[in-house]
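# Pasting the sequence and the predicted model now:
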Amino acid sequence: MNSPLPAFAAVVVAAGSGTRAGGAKQWRLLGGKPVVRWSVEALLKAGAQDVVVVVSAGSEAEAAEALHGLTGWRAVTGGAARTDSVKAGLTALGGPDDRPVLVHDAARPFLSAAVIARCIAALDQADGALPARPVADSLRRASPDGIVSGAVEREALWRAQTPQAFSLKTLTDAFAAWPADETATDEATVVERAGGRVKIVEGDARLMKLTYPEDFDMAEALIPRTVRIGQGYDVHRWGPGESVWLCGLEIPHDQTLIGHSDADAGLHALTDAILGAIGEGDIGDHFPPTDDKWKGAPSDLFLKHAAGLVTARGGRISNVDVTLICERPKVKPHRQAMRERLAEILDIPLDAVSVKATTSEGLGFTGRGEGLAAQAVATVELPSR
């Protein structure tokens, strides 16, 4: 059994502007939750007794929203440079001089308990701990115009990560000695300059830093996901009318389907399938037929709502399959347009959408032309919790 970690605190640096990432990346959603929340949750779960999140002036509301529901953290305002932000975080922490403090970049969301433990354990052997990965690629020097000018020996080179660990006094004293006109790339540099010994510990390949827009696509691909399947079924009776709504299309017909909304059975069944896949009840729970607000409402609103719930949980809809059961109208002439409409509403590829139709060979209420039925299946991927 692993021994419990000693009491430690953490500073999470989340004051950057994220210019290269296209905006403030710490508030951007990754796997359904803000980037900064991944790190704060990991630190609190590992046993951090105090987590200070350093944000830029005016970002306090974003931090409160991103970390809503978590306890054991607080926000402070950082400075123009990373050095200033970390110093502000340390000042807010306070505590015993020998208290272990981890300084972590909010832009590295996939922080594991194992890395945290290795960093803290290394403080028994050195003044600081730095998780890192060995450089695997061959390195080259190049001139400004891109012409290779020599190789770089990589045997002693490492890719530094965070969190970096130190005692509170070691890091505070090192920052006090750091020149005011210089900016440090990380805390290990500050402690080394002050004469401290920093030990490299095993990092984590998943502990990547989100820097550019494409990094988010890579990070999303790293999140373990669970496949969920939901099914839906809906029925509406025929009544007087001149057109019918099916799978988001209005089709001319000598009857219409009767319902509280536009009675689009295809969209209703599909909405229920998606809600079922994520355990969110059925369409009636979200849009009660007793509420006049939804009288005559277009059913694409219901489907968009269900899809939005999937997105809010960091999920994605893999594919959908709708079957319409009726004698009339003929669905085949409209099937491609229906597929295109569903793909548009759900924002998924066309080849992930199937629409089919069948009759009931004259049997039952559909065979007698009394009503239309629809069945749907949806496959959803959700981040594993």
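That came through fine.
# in what helix or strand does the nearest residue to Ser167 once chain neighbours are set aside lie?
Nearest residue to Ser167 in three dimensions, chain neighbours excluded: Asp98, at 5.2 Å (C-beta to C-beta, 6 or more residues apart in numbering). In short, each C-beta sits where N, CA and C put it, glycine included. Asp98 is part of no helix or strand, with elements assigned from DSSP states H and E.
# show me the contacts for Asp98.
By C-beta atoms under 8 Å, 6 or more residues apart in numbering, the contact set of Asp98 is Ser167, Leu168, Lys169.
# Of those residues, grab the buried ones for ChimeraX.
Of the contacts of Asp98, the buried ones go into a single ChimeraX selection, burial set by 16 or more other C-beta atoms under 10 Å:
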select :167,168
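# Just put the contacts of Asp98 in JSON lines and tack on pLDDT.
Below are the contacts of Asp98 laid out as JSON lines (pLDDT from 0 to 100):
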{"residue": "Ser167", "pLDDT": "97"}
{"residue": "Leu168", "pLDDT": "96"}
{"residue": "Lys169", "pLDDT": "96"}
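# ok, the contacts of Asp98 vs Ile258, which is closest?
Set against Ile258, the nearest of the contacts of Asp98 by C-beta to C-beta is Leu168 (70.6 Å).
# and that closest one, what is it in contact with?
Leu168 is in contact with Ala9, Leu90, Leu93, Gly94, Gly95, Pro96, Asp97, Asp98, Arg99, Pro100, Val101, counting by C-beta under 8 Å, 6+ apart.
# One more: His334?
Leu246, Leu249, Ile251.
# Just among the residues you listed, which is most surrounded?
Highest neighbour count within those, by other C-beta atoms under 10 Å: Leu246, with 29 neighbours.
# quick one: what helix or strand has the residue nearest to it when sequence neighbours are not counted in it?
Of all residues not flanking Leu246 in the chain, Gly266 sits nearest, at 5.1 Å (C-beta to C-beta, 6+ apart). Gly266 is part of helix 265-277, with elements assigned from DSSP H and E.
# Over to Ile200. Which of the three states is it?
Three-state assignment for Ile200 (DSSP: H, G, I helix; E, B strand; the rest coil): strand.
# My guess is it contacts Trp158. True?
Yes - between Ile200 and Trp158 there is a contact under C-beta atoms under 8 Å: 6.0 Å.
# what sits in contact with each of the two?
Ala132.
# can you list the domain ranges for this structure.
Here the domain parsing of the chain from automatic domain parsing is 9-222, 225-383.
# The shortest one: end-to-end distance?
Using C-alpha to C-alpha, to the nearest Å, the span of domain 225-383 from its first residue to its last is 4 Å.
# From the chain's centroid, how far away is that domain?
Centre-to-centre, domain 225-383 and its host chain are 27 Å apart (C-alpha atoms, centre = their mean, to the nearest Å).
# Thr379 should be in a strand, yeah?
Yes - counting by three-state DSSP, Thr379 is located in a strand.
# Now do the contacts for it.
Thr379 is in contact with Val227, Arg228, Ile229, Ala277, Ile317, Ser318, Asn319, Val320, counting by C-beta under 8 Å, 6+ apart.
# bridging residues for it?
Legend: beta-bridge partners of Thr379 under DSSP bridges are Ile229, Asn319.
# Check the gap between Ser112 and Pro131 for me.
Separation of Ser112 from Pro131 (C-beta to C-beta, to the nearest Å): 10 Å.
# if you count what's nearby, which of these two comes out ahead?
Neighbour totals were compared for Ser112 and Pro131, and Pro131 leads with 28 against 15 (other C-beta under 10 Å).
# OK, contacts around the closest residue to the more buried one other than its chain neighbours?
Spatial nearest neighbour of Pro131, chain neighbours left out: Gly203 (3.8 Å); criterion: C-beta to C-beta, 6+ apart. If you count contacts by C-beta under 8 Å, 6+ apart, Gly203 has them with Val115, Pro131, Ala132, Arg133, Arg159, Gln161.
# which helices and strands does the strand or helix carrying the fourth one pack with?
This means Arg133. Taking DSSP H and E as the criterion, Arg133 maps to strand 128-134. Using 3 or more C-beta pairs under 8 Å, 6 or more residues apart in numbering; DSSP states H and E as the contact test, the elements touching strand 128-134 are helix 113-122, strand 158-160, strand 164-167, helix 187-193, strand 198-202.
# thought Val86 was touching Val13?
Yes - between Val86 and Val13 a contact is recorded at 6.4 Å, counting by C-beta under 8 Å.
# Now stretch 290-297: buried residues?
Trp294.
# what do you get for stretch 46-62?
Ala46, Gly47, Ala48, Asp50, Val51, Val52, Val53, Val54, Val55, Ser56, Ser59, Glu62.
# One more: stretch 137-147?
Per 16+ other C-beta under 10 Å, stretch 137-147 contains no buried residues.
# Stretch 354-372 now?
For stretch 354-372, the neighbour count (16+ other C-beta under 10 Å) marks Ser354, Val355, Ala357, Thr366, Gly371, Leu372 as buried.
# same question, stretch 371-385
In stretch 371-385, residues buried by neighbour count (16+ other C-beta under 10 Å) are 371-383.
# and what of stretch 72-82?
Trp73, Ala75, Val76, Thr77, Gly78, Arg82.
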